[in-house]
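# Just need the structure, nothing else, for what follows:
(chains A, B and C)
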Amino acid sequence: MNFSNKLISWYLQNNRDLPWRKTKNPYFVWLSEIMLQQTRVAQGMSYYLKFTETFPTIFDLAKADESTILKMWQGLGYYSRARNLHFTAKHIVSEFNGEFPSTYATIIKLKGIGDYTASAIASICFDEPTAVVDGNVYRVLSRYFGIDTPINSSKGIKEFKELAQTLLDENQSGTYNQAIMDFGAIQCKPKKPLCMFCPFNESCVAYQKNKIDVLPVKEKKLKVKKRYFNYLVVKTDDNNTILNERKGKGIWQGLYQFPLIESDKIINKDELISLEEFINFFPEATTISLYNKKEIVHKLSHQHLYTQFWVIETATLSKAKIDWKSVEKYPVPVLIANFLEDFLSKK
DNA sequence: AAAACGGGGAG
DNA sequence: CTCCCAGTTTT
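Residues are numbered from 1 along each chain as shown, chains lettered A, B, ... in the order given. Predicted coordinates for the structure are as follows:
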């Protein structure tokens, strides 16, 4: 048996029972693929079920408010996925009358869809023989063929895509693509792969040469920036607060947060109230207290956010328009959601 | 070509 | 703690 036949044979006995595999409806497949970008199946599952229930068709998704979609996406991360998802839903409804494009070439033009997702949808839904290359595929191929080209280099991306395409079973491309991904996720795992009873172990270069732990090769690691966040949690006498939407570049676009003052280090109360930014915000005397005695470190892939929440109790404030009872309706970063859960439980 | 973009789970 | 997950977009 050749590589792809053996892989599909493995898949028929070991595949995961996943809800988006019960259909070839491109809307559902697209939804699952976007949610699972850089996201584990276990983490994305509940979101997929919630979205398909709330938005049974692409028309329902297109009709929704962006804020509603972001709120439902809250906690899943990489929020540009949710915004692009909404944009593309509206685009497909208005430009294509709701009919999903059916070829790789047309699918990849959609916002939020790159080579991987276009290949996945084209093969799974429309039987177009386009090979997917995700993290699983890089790992399986680099190990089995003993390829040490860095998977995140231009050369590696090209090389692995071409290899994947030659291995693809063109008569069942969707099944093959899902087979190699499941194989990577279940058998050929990043750590402690199950080589002892792997159907490929006799012909796997990495296993035979004892290079399982060095493949795939990935070059350079990212540097993490430290930032210092001071959130001003306003609580007026008439039970209002202030939330701002994050706009422009950077993290958490479209999500809401308390007024933020960023500093260059951890600061104390005296330092906070002497900052020009703070004085401009609260000219009047107010009661200020630090909510978390020890700074909260919220870790993102590229930055560590050292965060202090300052509770500011004051008289009625014209800028404070948001009733505390409605705060939890806004889409917020997990950092803010965690704070709210604790803060609101102690009232 | 490199950096930015979230959050969580495994080891 | 480090690594990495059904990657894409922006710089």
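# what residue ranges in the stretch 201-347 of chain A score low on pLDDT?
Counting by pLDDT under 70, the stretch 201-347 of chain A has low-confidence residues at A:283, A:285, A:347.
# can you rerun that using 50?
The stretch 201-347 of chain A contains no residues with pLDDT under 50.
# What parts of it come near DNA strand C?
A:Lys218, A:Lys221, A:Lys249, A:Lys299, A:Ser301 (Cβ under 7 Å from any atom of the strand). For every residue, glycine as well, the C-beta is placed using N, CA and C.
# Mind doing that once more with 6 Å?
Within the stretch 201-347 of chain A, the positions near DNA strand C by Cβ under 6 Å from any atom of the strand are A:Lys218, A:Lys221, A:Lys249.
# and what of the stretch 1-150 of chain A?
For the stretch 1-150 of chain A, the residues in contact with DNA strand C (Cβ under 6 Å from any atom of the strand) are A:18, A:32-33, A:36-41, A:78, A:84, A:111-117, A:134-136, A:139.
# could you redo the last one with a cut-off of 7 Å?
So far as Cβ under 7 Å from any atom of the strand goes, the stretch 1-150 of chain A lies against DNA strand C at A:16, A:18, A:20-21, A:32-33, A:36-41, A:43, A:78, A:80, A:84, A:111-118, A:120, A:134-136, A:138-139.
# are any of those residues buried, and which?
The neighbour-count test (16 or more other Cβ atoms under 10 Å) applied to those identifies A:20-21, A:32-33, A:36-37, A:39, A:41, A:84, A:112-113, A:115-118, A:120, A:134-136, A:138-139 as buried.
# out of the residues of the stretch 1-150 of chain A next to DNA strand C, which touch DNA strand B?
Restricting these to those near DNA strand B - Cβ under 7 Å from any atom of the strand - leaves A:Gln38, A:Thr39, A:Arg40, A:Gln43, A:Tyr78, A:Ser80.
# Need the contact partners of the helix or strand containing the fourth one.
In this case it means A:Gln43. Per DSSP states H and E, A:Gln43 falls inside helix A:41-54. Applying Cβ atoms under 8 Å, 6 or more residues apart in numbering, the contact partners of helix A:41-54 are A:16, A:18-20, A:28, A:31-32, A:35-36, A:60-61, A:72-73, A:76, A:185.
# now stretch A:181-198
The contact list for stretch A:181-198, computed with Cβ under 8 Å, 6+ apart, reads A:7, A:10-11, A:14-16, A:41, A:132, A:134-137, A:139-140, A:143, A:201, A:204, A:207, A:212.
# what does chain A have sitting close to DNA strand B?
Going by Cβ under 7 Å from any atom of the strand, the residues of chain A near DNA strand B are A:38-40, A:42-43, A:75-80, A:153-155, A:189, A:191-192, A:220, A:222-223, A:225, A:249-253, A:298-303, A:333-335.
# Is it possible to mark the buried ones in those residues?
Neighbour counting by 16+ other Cβ under 10 Å classes A:Thr39, A:Leu76, A:Gly77, A:Tyr79, A:Trp252, A:His298, A:Leu300, A:Pro333, A:Leu335 among these as buried.
# Let's see which of those residues end up in helices.
Among these, DSSP state H puts A:Leu335 in helices.
# Which residue would be the closest one in the stretch 101-250 of chain A to DNA strand B?
Of the residues in the stretch 101-250 of chain A, the one nearest DNA strand B is A:Ser154, at a distance of 2.4 Å by Cβ to the nearest atom of the strand.
# swap in the stretch 1-150 of chain A?
Closest point on the stretch 1-150 of chain A to DNA strand B, by Cβ to the nearest atom of the strand, is A:Gly77, at 2.5 Å.
# which residues touch that residue?
Here A:Gly77 is in contact with A:Gln38, A:Thr39 (criterion: Cβ under 8 Å, 6+ apart).
# run the last query once more with 10 Å
A:Gln37, A:Gln38, A:Thr39, A:Gln43, A:Trp252, A:Leu300, A:Ser301, A:Pro333, A:Val334 (Cβ atoms under 10 Å, 6 or more residues apart in numbering).
# Check A:Phe126 too.
A:Lys24, A:Pro26, A:Val29, A:Phe100, A:Pro101, A:Ser102, A:Thr103, A:Tyr104, A:Ile107, A:Ser173, A:Gly174.
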